[in-house]
Structures are given as C-alpha cells and as structure tokens.
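Trainee: Compute the structure for the input listed below.
(one chain, ligands or ions: 1)
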Amino acid sequence: MPTVKCPTCNAPVDWRPESTYRPFCSERCRLIDLGAWAGEEHRIPGRAPSPLDDEHPSNSSADWVN
Ligand SMILES: [Zn+2]
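Mentor: Residues are numbered from 1 along each chain as shown. The predicted structure follows:
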C-alpha cells in the first residue's frame, strides 16, 4: 500500500479512500496547513483598510460640481 508523508507533521499516511484527510494524517494537520497559507493572506500589520477612506476622494471630486 502506498503511503505519503503528512505535509504538516511528516507522519506516514496510508494512501487509500479511508484516509479521509490524505495527504494529511488527520483533520487537525489539514486545518493547520490551510491555516498556514490563510494566515499568510491575512497577516497584514496595522489597521485594515477602512471603507470610509473611499469617501475622501469622492468628497474632493465634488469640488468641481460647485
Ligand atoms: Zn500530520
């Protein structure tokens, strides 16, 4: 039976339909891996962009209307 190594903890995982979380050894390792790349996406230091910031350009662009 072929086995793969869990990308998260390097544990051998049987490559078979019963191995629900393959190539991960468990749901926990799968979530850790998903969280790893998701964390890269969302790891932005400082404040998140505020929707209110978009109002300033529109306010200044209204000057030509007057
Ligand atoms: Zn694992």
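Trainee: surely V13 meets M1?
Mentor: No: if you go by Cβ atoms under 8 Å, V13 and M1 don't touch, sitting 10.6 Å apart. In this view, the C-beta of every residue, glycine as well, is placed from N, C-alpha and C.
Trainee: for the ion, what are the nearby residues on this protein?
Mentor: Taking Cβ under 5 Å from the ion as the measure of proximity, the chain contacts the ion at C6, T8, C9, A11, C25, C29.
Trainee: Grab the nearest non-local neighbour of the fourth one.
Mentor: For A11, ignoring the flanking residues on the chain, the nearest one in space by Cβ to Cβ, 6 or more residues apart in numbering is C25 at 4.4 Å.
Trainee: The second one now?
Mentor: Leaving aside its sequence neighbours, T8 sits nearest to C29 (Cβ to Cβ, 6+ apart; 3.7 Å).
Trainee: State the pLDDT value of the one you found.
Mentor: In this model, C29 is scored at 94, pLDDT.
Trainee: residue boundaries of the strands in this structure?
Mentor: In the chain, the strands defined using DSSP state E lie at 3-5, 12-14.
Trainee: Which residue ranges of the chain form helices?
Mentor: Secondary structure of the chain, counting by DSSP state H: helices at 27-42, 55-61.
Trainee: burial of R30, as a residue count?
Mentor: One way to gauge burial is a neighbour count; for R30, by other Cβ atoms under 10 Å, it gives 18.
Trainee: Not including adjacent chain positions, what is the nearest residue to it?
Mentor: Of all residues not flanking R30 in the chain, F24 sits nearest, at 4.1 Å (Cβ to Cβ, 6+ apart).
Trainee: Could you double-check that that neighbour sits in contact with T8?
Mentor: Yes: taking contacts as Cβ under 8 Å, F24 lies within contact range of T8: 6.1 Å.
Trainee: the more surrounded of these two?
Mentor: With other Cβ under 10 Å as the criterion, F24 and T8 differ in neighbour count, and F24 comes out ahead with 23 against 18.
Trainee: And the more buried one, what's its pLDDT?
Mentor: 95.
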